[in-house]
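Peer 1: structure for the following, please:
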Amino acid sequence: AMTISTVDQDGYPDARVLILKNVIDETFYFASSSESRKGQQLKENPHVALTFYWPSLGRQIRIRGIAEDRGDEAGADDFRKRSAGARAVAMTGHQSEVLDSEEVLDRSIEAQKEKISRDPSVVTPHWRLYAVNAQEVEFWQGDSERKHVRVQYVKQDGQWKTLRLWP
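Peer 2: Predicted structure coming up:
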């Protein structure tokens with residue numbers, strides 16, 4: 001799990017916890033509906049921050065970069081790997097909207113499950129796989145005396161520059 005932070009149209013940060021799908025080289029992958037609040041924010045401003053935190057180890061990794069939509073095929077491939085229940089919920093198509101009735105939600109999910117049972121390859125065109133290309137990565141190791149170890153990597157001209165930061 002990771003926290004992804006985006007920025008809304010008014011400039012306010014918006015953070016939520018998601019599943020990290022994969023890491024390949026310097027690229028971190030996650031998926032979401034392009035119609036969700038997060039999806040809309042990514043369309044307007046693809047700059048994101050990813051945060052991983054392990055309290056029992058006193059460790060954190062912070063990543064800043066740009067989220068890129070990997071296209072229809074990648075989104076469909078990721079969507080088909082989800083459980084039928086997760087696909088049904090995503091296919092209801094109302095993520096982040098106000099829910100007026102639990103019954104309406106349940107009926108919508110059941111209708112989508114039926115659609116999936118008739119055609120297991122069905123996908124929603126709004127499901128997207130995003131790739132975050134890291135531009136800055138910081139490793140943080142907590143210290144009980146607050147003398148934290150912070151090492152930052154910043155990509156400049158295609159090369160990583162290493163910086164040791166003050167606690």
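Peer 1: do you know how far the residue most central in space within the chain is from Gly142?
Peer 2: Taking Cα atoms, centre = their mean, the centroid of the chain lies closest to Phe30, which sits 4.4 Å from it. If you measure Phe30 against Gly142 using Cβ to Cβ, to the nearest Å, the figure is 25 Å. (C-beta placed from N, C-alpha, C; glycine too.)
Peer 1: and the residue nearest to the centre of the chain, what element?
Peer 2: Under the criterion of DSSP states H and E, Phe30 resides in strand 27-33.
Peer 1: now that strand: buried residues?
Peer 2: Going by neighbour count (16 or more other Cβ atoms under 10 Å), the buried part of strand 27-33 is 28-33.
Peer 1: now do the helix or strand where Glu138 lies: which elements does it pack against?
Peer 2: With elements taken from DSSP H and E, the one containing Glu138 is strand 127-141. For strand 127-141, the packing partners by 3 or more Cβ pairs under 8 Å, 6 or more residues apart in numbering; DSSP states H and E come out as strand 27-33, strand 59-69, helix 72-80, strand 149-156.
Peer 1: OK, contacts around Ser108?
Peer 2: 92, 94 (Cβ atoms under 8 Å, 6 or more residues apart in numbering).
Peer 1: for my notes, confirm it occurs in a strand.
Peer 2: No - judged by DSSP: H, G, I helix; E, B strand; the rest coil, Ser108 forms no part of a strand; its state is helix.
Peer 1: for Asp69, give me its contacts.
Peer 2: Per Cβ under 8 Å, 6+ apart, neighbours of Asp69: 34, 42, 75, 128-130.
Peer 1: ok, which pair from those residues is furthest apart?
Peer 2: Distances among the contacts of Asp69 were taken as Cβ to Cβ; the most separated pair is Leu42 and Gly75, at 12.8 Å.
Peer 1: contacts only, for Ile61.
Peer 2: 51-52, 137-140.
Peer 1: out of the residues you listed, which end up buried?
Peer 2: 51, 137-138, 140.
Peer 1: dump the buried residues of strand 27-33 into JSON lines; add pLDDT as well.
Peer 2: As requested, those are exported to JSON lines (pLDDT from 0 to 100):
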{"residue": "Phe28", "pLDDT": "98"}
{"residue": "Tyr29", "pLDDT": "98"}
{"residue": "Phe30", "pLDDT": "98"}
{"residue": "Ala31", "pLDDT": "97"}
{"residue": "Ser32", "pLDDT": "96"}
{"residue": "Ser33", "pLDDT": "95"}
